[in-house]
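Q: Turn this into a structure:
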Amino acid sequence: MSPSLSARLLEGVKGVSFDLDGTLYELPAMRRALRRLALRRSLRPLRTYKELRHLLDARAEFQRARESGGELAPFPQLRADFERRRELESRWWTPAIAKVGPRQGVPALLEALSQRGLPLVVCSDHAGEAKLAALGLESRFEVALSGEALGAIKPDARVLQAALDHLDLAPQELLHIGDREDTDGEAGRALGVRLWIVPPTGAIGLSD
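A: You can find the predicted model right below:
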């Protein structure tokens, strides 16, 4: 049975924030699409290797920052390398995400939440606008907030606090939906927001 967001969990909620990577789309499917894309571009194998290696090295550095609590200040190369990573992500991550599309059930869930009059925002570790456009979901959200732009990624709660500030809500009035207990869960619990942690794959929806 697909996991469903219960109406009870939404009682008293006045806004909903979503993690992006692994929540609005499935990461395993995106990685498979990325491998297929790399094979299609294999006429320039050295360039392909260098570009993907650059992105993977950056992801490993972000993971080290995450394990240190999420503060990016001790990792200045990540900030200095921002534009280069955005360029490479537009060549690799974004086309792979577009190929995969939204996780099953996500468009219907977003529509159901909007029908309830709930404002929706994205709270991602990284810039989300291009990814949302690739998923065809950019019009669903008021804003895409980035922890990286704020100087700290989850489990640091800064990006969720930005969502509270943007929506002008108390913590218990925000529901955050994410896919990781160690990032979304820790950040949400630190602020006292409501949480729904979804599995890494499979459809999600809203129950009656």
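Q: Pull out the buried positions in the longest helix anywhere in the chain.
A: The single longest helix within the chain, with elements called by DSSP state H, is helix 45-67. For helix 45-67, the neighbour count (16 or more other Cβ atoms under 10 Å) marks 48, 51, 52, 54, 55, 58, 62, 65, 66 as buried. For glycine as for every other residue, the C-beta is placed from the backbone atoms N, C-alpha and C.
Q: Quick one: which of those has the lowest pLDDT value?
A: Least confident entry in these, by pLDDT: residue 48, with 90.
Q: Can you name the residues that contact the closest residue to residue 199 other than its chain neighbours?
A: Distances taken as Cβ to Cβ, 6 or more residues apart in numbering place residue 3 nearest to residue 199, at 6.3 Å, with adjacent residues excluded. Shown in contact with residue 3 (Cβ atoms under 8 Å, 6 or more residues apart in numbering): 198, 199, 202, 204, 205.
Q: Look up the residues forming beta bridges with residue 123.
A: Beta bridges link residue 123 to residue 145 when assigned by DSSP bridges.
Q: State the number of residues packed around it.
A: Residue 123: 33 surrounding residues under other Cβ atoms under 10 Å.
Q: so what's it up against?
A: Counting by Cβ under 8 Å, 6+ apart, residue 123 makes contact with 17, 18, 19, 145, 147, 159, 160, 162, 163, 176.
Q: If any of those residues are buried, give me the ChimeraX selection for them.
A: In ChimeraX, a selection of the buried entries from those looks like this (16+ other Cβ under 10 Å):
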select :17,18,19,145,147,159,160,162,163,176
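Q: Report the secondary structure state of the residue lying closest to residue 100 once chain neighbours are set aside.
A: Nearest-residue entry for residue 100: residue 29, 4.6 Å, with adjacent residues in sequence omitted and distances by Cβ to Cβ, 6+ apart. Of the three states, residue 29 takes helix under DSSP: H, G, I helix; E, B strand; the rest coil.
Q: What distance do you get for residue 29 to residue 21?
A: 12 Å (Cβ to Cβ, to the nearest Å).
Q: Looking at these two, which one has more neighbours?
A: Using other Cβ under 10 Å as the criterion, residue 29 and residue 21 rank with residue 21 on top: 19 against 16.
Q: Next, work out how far apart the more buried one and residue 51 are.
A: Counting by Cβ to Cβ - residue 21 and residue 51 are separated by 19 Å.
Q: what does residue 152 give?
A: From residue 152 to residue 51 the distance is 27 Å (Cβ to Cβ).
Q: now do residue 76
A: For residue 76, the distance to residue 51 equals 22 Å [Cβ to Cβ].
Q: Residue 67 too?
A: Taking Cβ to Cβ, one finds residue 67 at 25 Å from residue 51.
Q: same question, residue 11
A: Separation of residue 11 from residue 51 (Cβ to Cβ): 47 Å.
Q: okay but residue 88 is in contact with residue 56, surely?
A: No: in this structure, residue 88 is not within contact of residue 56 by Cβ atoms under 8 Å, at 10.4 Å.
Q: Next, residue 110: secondary structure please.
A: Three-state call for residue 110 (three-state DSSP): helix.
Q: number of nearby residues for it?
A: By other Cβ under 10 Å, the burial measure for residue 110, its neighbour count, is 21.
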